[in-house]
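Q: Just need the structure, nothing else, for what follows:
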Amino acid sequence: MPFEVTNYLLIDIDNEFSRAFAGHYFNSAKRDAPSTLVIAGANTRQLVKMMFDELIKDYCYCDFENEISVSELASYLHEHHDIKGVLFNQTDYLLADEKQRFIYNSLHEKRFLVTQDESGFAFSPVKEEGFSNHLSCHTDIADTSVDIIELTELLNKQ
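A: The predicted structure follows:
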């Protein structure tokens, strides 16, 4: 049974890889259903092009070196998407330093490394420990509390 990439987040470090991956799974000329892939990265110009080409459902700017940016990504994803897991280009994941891997391993409890070969793409689960914290998009920790929003609005009126 092939890996189902419905409602996954793809971390975009290598845009050529991301485009090839999205094109393989969500080429609009070959599918009846629209893409469900959400992508996050720093190259918004390329991400917008992928959205325009209907290869992705949504994109989010994220500077993965900055925990505040990643925390904002987690909140956005928690509120607007039902992300089932995170996909990483295996090369990018393996080249990440310890701090970067902590961030990657905090994004979601289900994480997969993706490799590309002549026959397509292969998936393997990340074997490193995952973390549930303010950087995770699958927990209520990422939820922006309605009370905080209401309090902020009240304080801004004064």
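Q: contacts and neighbour counts: CA atoms only from here.
A: Fine.
Q: Tell me which helix or strand in the chain has the weakest average pLDDT.
A: Counting by mean pLDDT, DSSP states H and E, the chain has its least confident helix or strand at helix 146-157, which shows a mean of 58.
Q: What segments of the protein are helices?
A: With helices called from DSSP state H, the chain shows them at 15-26, 44-52, 67-80, 90-95, 98-106, 146-157.
Q: what would the ones you listed look like in CSV with distance to residue 60 and mean neighbour count?
A: Shown next, in CSV, are the helices of the chain (distance: least, Cα to Cα, whole Å; neighbours: other Cα atoms under 10 Å):
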stretch, distance to residue 60, mean neighbour count
helix 15-26, 14, 18
helix 44-52, 8, 16
helix 67-80, 7, 18
helix 90-95, 18, 14
helix 98-106, 15, 17
helix 146-157, 21, 10
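Q: Reformat these as CSV; add distance to residue 116.
A: As requested, the helices of the chain are exported to CSV (distance: least, Cα to Cα, whole Å):
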stretch, distance to residue 116
helix 15-26, 8
helix 44-52, 19
helix 67-80, 26
helix 90-95, 9
helix 98-106, 20
helix 146-157, 42
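Q: between those, which one is nearest to residue 119?
A: Closest approach to residue 119 among the helices of the chain is made by helix 15-26 (10.8 Å; Cα to Cα).
Q: relative to helix 44-52, how tilted is the closest one?
A: With axes from the mean of the first three to the mean of the last three Cα atoms, to 10 degrees defining the directions, helix 15-26 sits at 10 degrees from helix 44-52.
Q: any idea of the mean pLDDT in helix 15-26?
A: Mean per-residue pLDDT for helix 15-26: 93.
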